[in-house]
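*Asks:* missing the sequence, but the structure's below:
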């Protein structure tokens, strides 16, 4: 008890001394507040500028087919994610990898529709192995049931077989082949303006 009382007395004495010093030197408090305010303002400005630069880069994002062909298949998925973000899908994310269940990129468009995109990168581009019905079966089997997608997309920098195109049409799957990818990646129109027969806007969302 005695030690506790002494400790309390010491703390109170130091606090009183500090208060007296600050009262005698009010400019110190003002200077500290000014420095703190300037630091906070600088932090806010830097983060606002970083966000603005990110937005400018996103708005101006373009890819040529040669750039996309030269990417690693995982980087290709990130490029697709970035293009979706450019078009206004703030939550677009790359999810491809082991156990991805047929989804490489997921996003929600400004109309409230959930997109599930499976990416097939071909280093040889149009001359590479075409995407066929087996790949589309995976997307069709998981896109709605597992990932709860509204718009299911098979996207490739190569080509898609005729059988695959017929199967996709029968199952309401959307295809982005090399030609359509070139138009989307190098332009400024969002992907939903380039595809047809999309589902309506999400519930409660006005286009």
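*Replies:* Here it is on my side, so go on. Since we're looking at a predicted model, the values are computed, not measured. Numbers count the residues shown, from 1 in each chain.

*Asks:* tell me, what residue is most central in this structure?
*Replies:* The chain has residue 92 as the residue nearest its centroid, 3.6 Å off, counting by CA atoms, centre = their mean.

*Asks:* separation between it and residue 79?
*Replies:* 11 Å (CB to CB, to the nearest Å). Every C-beta, even on glycine, is put in place using the N, C-alpha and C of the backbone.

*Asks:* domain parsing for this structure?
*Replies:* Split into domains by automatic domain parsing, the chain comes to 2-59, 65-194.

*Asks:* give me the distance from stretch 86-106 to the chain's centre.
*Replies:* 8 Å (CA atoms, centre = their mean, to the nearest Å).

*Asks:* mean confidence score for it?
*Replies:* Computed over stretch 86-106, the mean pLDDT rounds to 92.

*Asks:* likewise stretch 127-134?
*Replies:* 97.

*Asks:* any idea how far residue 198 is from residue 140?
*Replies:* If you go by CB to CB, the gap between residue 198 and residue 140 works out to 17 Å.

*Asks:* so which of the two has more stuff around it?
*Replies:* residue 140 (20 against 17; other CB atoms under 10 Å).

*Asks:* and the helices in the protein?
*Replies:* For the chain, the helices defined by DSSP state H cover 2-24, 26-59, 65-69, 73-86, 133-142, 162-170, 178-186, 191-194.

*Asks:* still on that earlier bit, please identify the deepest-packed of the domains of the chain.
*Replies:* Among these, the stretch with the highest mean neighbour count (mean count of other CB atoms under 10 Å) is domain 65-194, at a mean of 18.

*Asks:* start to end distance for it?
*Replies:* 17 Å (CA to CA, to the nearest Å).

*Asks:* same check on stretch 137-146?
*Replies:* 13 Å.

*Asks:* now do stretch 125-145
*Replies:* For stretch 125-145, the end-to-end distance is 31 Å (CA to CA).

*Asks:* so how far is it off the chain centroid?
*Replies:* Computed by CA atoms, centre = their mean, the chain-centroid distance of stretch 125-145 equals 23 Å.

*Asks:* ok, residue 200 to residue 60 distance?
*Replies:* 30 Å.

*Asks:* where does pLDDT dip in this protein?
*Replies:* Within the chain, the stretches with pLDDT under 70 are 1-11, 18-19, 22, 28-59, 203-207.

*Asks:* let's see that with 50 instead.
*Replies:* Low-confidence segments of the chain (pLDDT under 50): 45, 48-53, 56, 204-207.

*Asks:* follow-up on the earlier one: what residues are up against the residue nearest to the centre of the chain?
*Replies:* 81, 82, 84, 85, 105, 106, 107 (CB atoms under 8 Å, 6 or more residues apart in numbering).

*Asks:* at 7 Å instead, please
*Replies:* 81, 84, 85, 105, 107 (CB atoms under 7 Å, 6 or more residues apart in numbering).

*Asks:* I'm done for today, thanks for sticking with me.
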